[in-house]
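Novice: make a model of this:
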Amino acid sequence: MFNTIRNAWRIPDLRKKMIFTLLMLFVFRLGSFIPVPGMNREALASLIESGGLLSFLDVISGGAFKNFAIFAMNISPYITASIIMNLLTIAIPSLEALAKEGEEGRKKIAQYTRYGTVILALIQAIALSIGLKSYLLKSDFVSVALVALSLTAGTAFLMWLGELMTEKGVGNGISLIIFAGIVSRIPVGAMNLFNLYKVKSVSIIELIGFLLVSILIIMGVVLIQEGQRRIPVQYAKRVVGRKMYGGQSSHIPLKINQAGVIPVIFAMSIIEFPKQIAGFFPNSGAYNFFNKYFAWGTGLHGVIYALLIIGFTYFYTAVSFNPVEVANNIKKYGGFIPGIRPGRPTVEFIQRSLSRITLVGALFLAFIAILPIFLMTFTNIKIYFGSTSLLIVVSVAMETVQQIEAQMIMRNYQGFLN
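Specialist: The predicted model follows:
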C-alpha cells in the first residue's frame, strides 16, 4: 500500500489529485471545530460519553458531534438517501429504467439523491434540535431553528465537498470523509489507553492483548474484503458475418462481503434509535426499560445486534445483486456455467452459491460488531464501536489504494498508446 502511494506521488497529475484530496480533508477537519451557536457543549459531551448511537455519530464525525460543530451530523443523511434511492430503483420501474439509461440516467439519480440528502438532513437536524432542547442555552423557536439550519447546511456542504473530492481527487470522497473522521480519533483513543495504563486501570498484558486483537481484526477484514468465489463461465463460439466471437472463459466474482459495512450501520441505527429517543426522557418507564435490557454490552443487546446484522446482510445482498439478471446476461451472450443448464438452473445455482458465501460474510460482520462486548467483559478497556470503525477504515483504505492503482495503470496505458 505504501509503495503504491509513493509511486503515485511521483506522477505529477496523481500528486495534484492527492494534494487536492488532502486539502479538502483539512477543510472537513477545520469545520469539525466550528461550533453551532447556542449549545451547552459541556453538558452534551457527558451524554455522548455514556455510549449509544450518539457516541457512534461522534466517532464517524471525528469529534464534531461532541463539539456540536456544523458538521455534527457528518455525511450520514447522504448515506441514508443513497440506500433509499438504491431500494427505490429496484421497486419503481421508472427509476429502474432511468438507471439503465447510462451516464445521463446516473446523473439524474444522483440529483434525486442530493435532494433526498437535504430533506433527510433537515428532518434529522430538527429531531436533534428538539431532542437536545434541554442542552440549548435558550430553548426558544429561533434558537432551535438556528441549530437545525446550521446542521443542515453543514451536511449539504459536506455532500458537495465529498462529490468534489470524487471528481477531482482520488478515491470516493464520501468514504474518505468518514475515514478521516474515524482516523482523527485514533490519537485521542491512544491517549486514553495510555492514561488508563498510567493509573494502573489496565495492565500491560491487557494492553498487548488489545493491540494483538486489533492486528488480527485488520488481517481478517482484509481477508474477507478481498475474498471471493469465482464461478466459471464458458462462452460458445459464434460467427457474426465474417468474424468469430466467443470461445473464451470468464468468471462471475461473488464477494464474501457483498454488502460492505451497510448492514452494521443499519442494525446499529435500528437497535440504538429507540433507546436514544427514550434517553431524551430520563424519568420515563421506557428509559428505564431500555437502559436495563438494551444497554450496550449486555447479552440481549449483543444477540439482537448480531441477528440484525445477519438479516440486513442477506437483505442488502439480495437488493444489490440480482442472480436472474446475471443469468439472463450470460445466456444473452452465449455463455453457460460448466455442468449447469442455462436459464432457471443457472439462477438457482448462483442463488445457492451466493447464499452460502453471504453466510460467511454475515457471520464475520456480526462477530466484528460484537467483539468489543467481549473485550470489555474480560478487560477494563472501554470500547464503543471500535471494531466497526476499524472495519470502515480498512475497507476505505483498500478501496482508495485500488483506485490509485487503477489510475496508475490507466496512465501507463495512455502513455504507451501515445
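
Novice: same question for stretch 227-237, mean pLDDT?
Specialist: Here stretch 227-237 scores 82 as its mean pLDDT.

Novice: and that stretch, which residues are buried?
Specialist: For stretch 227-237, burial by neighbour count (16 or more other Cβ atoms under 10 Å) applies to 228, 231, 233-235. To be clear about C-beta, it is placed using only N, CA and C from the backbone, and glycine gets the same treatment.

Novice: who touches that stretch?
Specialist: 244-257, 330, 333-338, 349-350, 353, 357 (Cβ atoms under 8 Å, 6 or more residues apart in numbering).

Novice: filter those residues to the buried ones?
Specialist: Buried among those (16+ other Cβ under 10 Å): 252, 254-257, 330, 335-337, 349-350, 353, 357.

Novice: take the residues you listed and keep only those in helices.
Specialist: 330, 349-350, 353, 357 (DSSP state H).

Novice: relative to A45, how far out is the one residue sitting closest to the centre of the chain?
Specialist: Centre of the chain computed as the mean C-alpha position; nearest residue by Cα atoms, centre = their mean is V261, 4.8 Å away. From V261 across to A45, the span is 26 Å (Cβ to Cβ, to the nearest Å).

Novice: start and end of stretch 25-38, how far apart?
Specialist: In stretch 25-38, first residue to last residue: 26 Å (Cα to Cα, to the nearest Å).

Novice: can you give me the buried ones in that stretch?
Specialist: Neighbour-count burial for stretch 25-38 [16+ other Cβ under 10 Å]: 25, 28-29, 31-32, 36, 38.

Novice: in helices, which of those residues fall?
Specialist: Using DSSP H, these in helices are 25, 28-29, 31.

Novice: pick the one among these closest to V188.
Specialist: R29 (13.3 Å; Cβ to Cβ).

Novice: just confirm L254 contacts S355, I think it does.
Specialist: No. Using Cβ atoms under 8 Å, L254 is not in contact with S355, being 10.3 Å away.

Novice: hmm, back to that, got the ones in helices among the buried ones among the contacts of stretch 227-237 as CSV, with distance to F71 columns?
Specialist: CSV is the format used below for those (distance: Cβ to Cβ, whole Å):
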residue, distance to F71
I330, 45
F349, 47
I350, 42
S353, 42
I357, 37
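
Novice: just put those in JSON lines and tack on distance to Y112 and pLDDT.
Specialist: Converted to JSON lines, those look like this (distance: Cβ to Cβ, whole Å; pLDDT from 0 to 100):
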{"residue": "I330", "distance to Y112": "31", "pLDDT": "84"}
{"residue": "F349", "distance to Y112": "35", "pLDDT": "91"}
{"residue": "I350", "distance to Y112": "30", "pLDDT": "90"}
{"residue": "S353", "distance to Y112": "34", "pLDDT": "91"}
{"residue": "I357", "distance to Y112": "32", "pLDDT": "91"}
